[in-house]
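Peer 1: need a 3D model of the following:
(chains A and B)
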Amino acid sequence: MQAHLSATDLACRRGERLLFSGLSLSLEAGEALHVTGANGVGKTSLMRILAGLSRPFAGSVDSTGSIAVLDERLALDMDHTLRDALAFWERLDGSKESQELRTTLGLTPLLDIPVRYLSTGQRKRAGLARMIGQGADIWLLDEPLNGLDTDAQASVAGLIAAHRAQGGICVIASHQPTGLDIPQLALEPLR
Amino acid sequence: MNAFWTLLRRDLGLLLPGGSRGGALLPLVFFLAVAMLYPFAVGPEPALLARTGGGVLWIAALLAAILPLDRLVKDDLESGVFDQFALRGIAEESAMAARLLAHWLAFAPLLLLACLPAAALLGLSGDSLRQVVLGLLAGTPGLAAIGLMVSAVMASLRAGTALAGLLLLPLAAPVLIFGAGAISRPDSAGLALAGAISLALCALAPFAAGAAIRAAREN
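Peer 2: Residues are numbered from 1 along each chain as shown, chains lettered A, B, ... in the order given. Have a look, this model is predicted:
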């Protein structure tokens, strides 16, 4: 099965405001896209629509393959240790705990620390571990580089490259440069 | 089905006393405190306490059921857990069914046990105690179901526990009427009706709560 993600003539409305309209995109296996744009232009809304978590005001989304989402909400239990918090999702996804992934993301020394005590960057890396552990074909990453140091940014770039090499699709919404050589889609505010 | 047990295991780990979310013993402490204070308020006359004690235990149980509602659904909604379930094709309904079971297990068995010391404090007869325990056994699943629905509807609102209580109490009136009514009735009709209402509420709750979570997502 080849992963595929496309959207046709998407429009998104928040309250009375139209954020974007007539937006189309199409990604095949191994492709990636960087969605850029100023704050409030609708990047997060677009990601939620692509994930199927909210309905577009107009247009349609078509996808083949499982979808994983990472946004600013970790979905990890704050009171649990990082190990236990990740273990829940591993049980749910039927995936094995991957020492390699945890080492790459520098999480190994943090496993016994409750999630609430992790720093912003550490939390982001924990969220990445949860998202990647899902083993989905399509990654939707909303601001995946926020709070990450340069080393961690490099490992994320490596993980994304490996994912694409295996036929995965990756959409990154970020206002900052990703450092990856991928096409960009700039969201412009509507007047 | 496998996912359901994984969800239930997590919910129990969060909600049961000693679980990581904490505060699971509050309903129990509240329940016992009411039983302890009631004789101070109305006086120690044994006949009066024995006649009204059962009803007081019911009111205490009803109010205690409000205490855990604040964070029952809200935390997971805010941390995006339900979105992650949706991505994995896990229906909100099954997540809510697991939550309902875990919620009931976290507060009801303790309250049933606490009826023993509470009955001793109020000087209830063995018969009354039996009716109270059976009534709560029949009624608490209904209270848990109402609590879950209220909690899911409230999760996306900026309102506190007090509003959850206001919403829960009128909905709980039928359970209270038949459950507590069973104390003064020799037959088991009241218990059966309380149990029937509970079952209907438990069947409804996962769907209503699931719909509330989906509605919150659209915001």
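
Peer 1: drop to CA atoms for contacts and neighbour counts, all remaining ones
Peer 2: OK.

Peer 1: so which residue is dead centre in the chain?
Peer 2: You didn't say which chain, so I picked chain A. Residue closest to the average C-alpha location in chain A (CA atoms, centre = their mean): A:L141, at 1.7 Å.

Peer 1: try chain B instead
Peer 2: Short answer for chain B (CA atoms, centre = their mean): B:A144, at 3.5 Å.

Peer 1: residues contacting that residue?
Peer 2: Applying CA atoms under 8 Å, 6 or more residues apart in numbering or on different chains, one finds that B:A144 lies in contact with B:A65, B:L100, B:H103, B:W104.

Peer 1: which one of those sits closest to chain A?
Peer 2: B:H103 (17.3 Å; CA to the nearest CA).

Peer 1: helix, strand, or coil at the closest one?
Peer 2: helix (DSSP: H, G, I helix; E, B strand; the rest coil).

Peer 1: any stretches of the chain with poor pLDDT?
Peer 2: If you meant another chain, say so; for now it's chain A. Where chain A drops to pLDDT under 70, the residues are A:191.

Peer 1: chain B was what I was after
Peer 2: Low-confidence segments of chain B, defined by pLDDT under 70: B:1, B:20, B:22, B:160-161, B:219.

Peer 1: up against chain A, what does it have?
Peer 2: B:3, B:6, B:10, B:20-21, B:76, B:78-81, B:83-84, B:86-88, B:217-218 (CA under 8 Å from any CA of the partner chain).

Peer 1: and the strands in chain A, which stretches?
Peer 2: For chain A, the strands defined by DSSP state E occupy A:4-14, A:17-28, A:32-36, A:58-64, A:67-70, A:138-142, A:169-173, A:184-186.

Peer 1: switch the ones you listed over to CSV; also include distance to B:L122.
Peer 2: Compiled in CSV, the strands of chain A are given as follows (distance: least, CA to CA, whole Å):
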stretch, distance to B:L122
strand A:4-14, 57
strand A:17-28, 61
strand A:32-36, 67
strand A:58-64, 64
strand A:67-70, 55
strand A:138-142, 58
strand A:169-173, 63
strand A:184-186, 71
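
Peer 1: so which of those strands is nearest B:G126?
Peer 2: Of all these, it is strand A:67-70 that lies closest to B:G126, at 56.9 Å by CA to CA.

Peer 1: direction included, what does the closest one pair up with?
Peer 2: strand A:138-142 (parallel) (DSSP bridges).

Peer 1: got the CA positions of the partner strand in PDB?
Peer 2: Output of strand A:138-142 as PDB, limited to C-alpha atoms (Å, rounded to 0.1, in the frame of the first residue of the first chain):
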ATOM      1  CA  ILE A 138       1.800  10.000   7.300                       C
ATOM      2  CA  TRP A 139       3.400  12.300   9.800                       C
ATOM      3  CA  LEU A 140       1.700  15.600  10.500                       C
ATOM      4  CA  LEU A 141       4.100  17.700  12.600                       C
ATOM      5  CA  ASP A 142       2.900  21.000  14.000                       C
END
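
Peer 1: show residues contacting that strand.
Peer 2: Counting by CA under 8 Å, 6+ apart, A:3, A:5, A:43-44, A:47, A:51, A:65-72, A:168-174 sit against strand A:138-142.

Peer 1: if we use 6 Å, what do you get?
Peer 2: A:I67, A:A68, A:V69, A:L70, A:D71, A:G168, A:I169, A:C170, A:V171, A:I172, A:A173 (CA atoms under 6 Å, 6 or more residues apart in numbering or on different chains).

Peer 1: ok, of those, which come out buried?
Peer 2: A:I67, A:A68, A:V69, A:L70, A:D71, A:G168, A:I169, A:C170, A:V171, A:I172, A:A173 (16 or more other CA atoms under 10 Å in any protein chain shown).

Peer 1: just flag the most distant two among those.
Peer 2: Largest separation among the buried ones among the contacts of strand A:138-142 by CA to CA: A:D71 and A:G168, giving 18.5 Å.

Peer 1: measure A:R91 to chain B for me?
Peer 2: Applying CA to the nearest CA, to the nearest Å, the value for A:R91 to chain B is 7 Å.

Peer 1: who touches stretch B:57-65?
Peer 2: B:P27, B:F31.

Peer 1: which residue ranges of chain A form helices?
Peer 2: A:43-51, A:82-93, A:99-104, A:120-133, A:150-165 (DSSP state H).

Peer 1: got it, and chain B?
Peer 2: Under DSSP H, chain B gives helices at B:2-15, B:26-42, B:46-64, B:74-78, B:81-87, B:92-122, B:126-154, B:161-181, B:189-217.

Peer 1: just say which of those helices is most tucked in.
Peer 2: helix B:126-154 (a mean of 25; mean count of other CA atoms under 10 Å in any protein chain shown).

Peer 1: centre of the chain versus it, how much separation?
Peer 2: Distance of helix B:126-154 from its chain centroid, counting by CA atoms, centre = their mean, to the nearest Å, is 5 Å.

Peer 1: thought A:A58 was touching A:A11?
Peer 2: Yes - using CA atoms under 6 Å, A:A58 is in contact with A:A11, at 4.9 Å.

Peer 1: now stretch B:24-42, how far from the centre of its chain.
Peer 2: 16 Å.

Peer 1: nearest to chain B: which residue in chain A?
Peer 2: For chain A, CA to the nearest CA, closest residue to chain B: A:A75, 4.6 Å.

Peer 1: report the contact partners of that residue.
Peer 2: Going by CA under 6 Å, 6+ apart, the list of residues near A:A75 reads B:S79, B:G80, B:V81.

Peer 1: how far away is it from A:G52?
Peer 2: Computed as CA to CA, to the nearest Å, the A:A75 to A:G52 distance reads 17 Å.

Peer 1: got it, and B:A120?
Peer 2: Taken as CA to CA, the span from B:A120 to A:G52 is 56 Å.

Peer 1: what of A:S45?
Peer 2: Going from A:S45 to A:G52 by CA to CA gives 11 Å.

Peer 1: and B:F178, by the same measure?
Peer 2: Taken as CA to CA, the span from B:F178 to A:G52 is 45 Å.

Peer 1: same deal with A:T104?
Peer 2: 30 Å.

Peer 1: surely B:P206 touches B:A98?
Peer 2: No - if you go by CA under 6 Å, B:P206 and B:A98 don't touch, sitting 8.7 Å apart.

Peer 1: please pick out the residue of chain B most distant from its centre.
Peer 2: Largest centre distance within chain B, by CA atoms, centre = their mean: B:E45, 30.8 Å.

Peer 1: perfect, I'm done here.
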